[in-house]
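Enquirer: 3D model of this:
(2 chains)
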Number of protein chains: 2
Amino acid sequence: MSARPAPDLRLYLVTDAAQCASRGRTVLETVTAAVDAGVTFVQLRAKDAEGGAFLQEVLDVCAAVGDRVPVIVNDRVDVFLAARDLGAHVAGVHVGQRDLPASVVRRLIGDDAFLGLSASTPEEIAAAEAEGACDHLGIGTVRATATKTDAPTGLGTDGVAALAARTDLPAVAIGGITAHDLPALAAGGLAGAAVVSAICLAEDPAAATRTLRAAWNEGARA
Amino acid sequence: MSARPAPDLRLYLVTDAAQCASRGRTVLETVTAAVDAGVTFVQLRAKDAEGGAFLQEVLDVCAAVGDRVPVIVNDRVDVFLAARDLGAHVAGVHVGQRDLPASVVRRLIGDDAFLGLSASTPEEIAAAEAEGACDHLGIGTVRATATKTDAPTGLGTDGVAALAARTDLPAVAIGGITAHDLPALAAGGLAGAAVVSAICLAEDPAAATRTLRAAWNEGARA
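Expert: Prediction:
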């Protein structure tokens, strides 16, 4: 796995097209503003999109972001493979426990791509570490949220930090996170915080990104 | 593309888990009964399933069907690749116009796999033929149906046969087809008929399959 440099996961944006649309913005506009303002990692998620539309979104975002920050694809390994086949600078895939198994996904995407895996229990974290397929974990939910209806109820910042302490894999907290939670997560040993609505639903995604980065730095300095 | 033998598309089953469940059967039970009774080709479709569950269904069906008839995967090229990676005897993929582009899918699945493509207009058929990526077409809808909400309204057996006559690619009619339609489709030059509810919603899928095969033969002899 030495082919992959460790990514900067500190402020990790997960997209939600409906939330962006409710603010009158496309996913592309939201991601571009957020990356310009300091987001360090982007996961494109489009659970309800058809493959062709999702592929086009991945191509458009990758073209706009270039190599400034990694852009990865949620769930649809085939969309990742298609985007890479078409020359896009797409960095990897994130899968959940109900998606394709991480060990298989690793073989399909190769050793140069990032692979993130959602985990929310000690058993899932131990299994991910034993399997050795993924590069980092998404641990949550921090707070109960309407974004992912299959996620468990909130673990709180302390609960997520305690789970993250069980593994040497870099871990990103996810689920209902606001700027208010970031100092505790940064101080608690997380590699980063993944946000959805804190940026996608923000009136000004760039300003929201700057606020989130400052809140993270507050905890990282502590 | 010489790596692929021409498949027998005469009676082509497309699965619908909800329809099977409404008759108290799993997809696996339905497919097994239908293949035993004479279905010649199977497409597993699970638009709402998560990747892990769909992969398991593909593995289970492929194990049960073996090499008796080809089993292909709707839309999820990654599920096909994962099943093949795990050693399943899975034969290919079927994509629609809104899924990943057929030319890209062909590169991802290789030259040994079948690739079917949905087409419902002269323009889509001409584009598929010009692209040269797919092996056969699914042309429809024959009759308006509730199975595919994005499909156009019914073309009738004559309309589908007229579209099929525009291409040298083998074409399967799809959409609301019952045994009543099969003689006209077989006589009209179609390579086969794809059915969903005629088998998945049947009280007895084996008996329904035998009836459908007999109806096809009636038109093929004419």
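Enquirer: Can you give me the buried ones in the helix of greatest length in chain A?
Expert: Identified as the longest helix of chain A according to DSSP state H is helix A:205-221. Applying a neighbour-count criterion of 16 or more other Cβ atoms under 10 Å in any protein chain shown, one finds A:205, A:206, A:208, A:209, A:210, A:211, A:212, A:213, A:215, A:216, A:219 buried in helix A:205-221. Every C-beta, even on glycine, is put in place using the N, C-alpha and C of the backbone.
Enquirer: Out of the residues you listed, which is nearest to residue B:176?
Expert: Nearest to residue B:176, judged by Cβ to Cβ, of these is residue A:205 at 45.5 Å.
Enquirer: now that closest one, nearest residue through space, not along the chain?
Expert: Spatial nearest neighbour of residue A:205, chain neighbours left out: residue A:33 (4.5 Å); criterion: Cβ to Cβ, 6 or more residues apart in numbering or on different chains.
Enquirer: Chain B versus the one you found, what's the distance?
Expert: From residue A:33 across to chain B, the span is 28 Å (Cβ to the nearest Cβ, to the nearest Å).
Enquirer: Can you pull the residues of chain A lying near chain B?
Expert: Taking Cβ under 8 Å from any Cβ of the partner chain, the part of chain A that reaches chain B is made up of A:50-53, A:55, A:75-79, A:81-82, A:85-86, A:95-101, A:104-105, A:107-108.
Enquirer: Can you flag the buried ones in these?
Expert: For the residues of chain A next to chain B, buried by 16+ other Cβ under 10 Å: A:50-52, A:55, A:75-79, A:81-82, A:85-86, A:95-97, A:99-101, A:104-105, A:108.
Enquirer: before we move on, back to that, go through the residues of chain A next to chain B and flag which are in strands.
Expert: Using DSSP state E, the members of the residues of chain A next to chain B that fall in strands are residue A:95.
Enquirer: Residue A:100 against residue B:78, yeah?
Expert: Yes: counting by Cβ atoms under 8 Å, residue A:100 touches residue B:78, with 6.2 Å between them.
Enquirer: and residue A:212, what does it touch?
Expert: By Cβ atoms under 8 Å, 6 or more residues apart in numbering or on different chains, the contact set of residue A:212 is A:11, A:179, A:182, A:193, A:195, A:198, A:199.
Enquirer: for chain A, what spans make up the helices?
Expert: Under DSSP H, chain A gives helices at A:17-22, A:27-37, A:51-65, A:77-85, A:102-109, A:122-131, A:156-164, A:182-187, A:197-200, A:205-221.
Enquirer: And the last one, how far out from the chain middle?
Expert: Remark: helix A:205-221 is offset 16 Å from the chain centroid, using Cα atoms, centre = their mean, to the nearest Å.
Enquirer: now that helix against helix A:27-37, angle please.
Expert: 40 degrees (axes from the mean of the first three to the mean of the last three Cα atoms, to 10 degrees).
Enquirer: repeat for the fourth one
Expert: For the pair helix A:77-85 and helix A:27-37, the angle between their directions (the same axes, to 10 degrees) equals 70 degrees.
Enquirer: could you say what helices and strands helix A:77-85 packs with?
Expert: Helix A:77-85 is packed against helix A:51-65, strand A:71-74, strand A:92-95, helix A:102-109, helix B:77-85, helix B:102-109, with contacts defined by 3 or more Cβ pairs under 8 Å, 6 or more residues apart in numbering or on different chains; DSSP states H and E.
Enquirer: Contacts for the second one, please.
Expert: Residues outside strand A:71-74 that contact it (Cβ under 8 Å, 6+ apart) are A:14, A:31, A:41-47, A:54, A:58, A:61-62, A:65, A:79-80, A:83, A:89-95, A:114, A:116.
Enquirer: who's in contact with residue A:38?
Expert: Residue A:38 is in contact with A:11, A:209, A:210, A:213, counting by Cβ under 8 Å, 6+ apart.
Enquirer: so the last one makes contact with residue A:8?
Expert: No: between residue A:213 and residue A:8 no contact is recorded; they are 11.4 Å apart, counting by Cβ under 8 Å.
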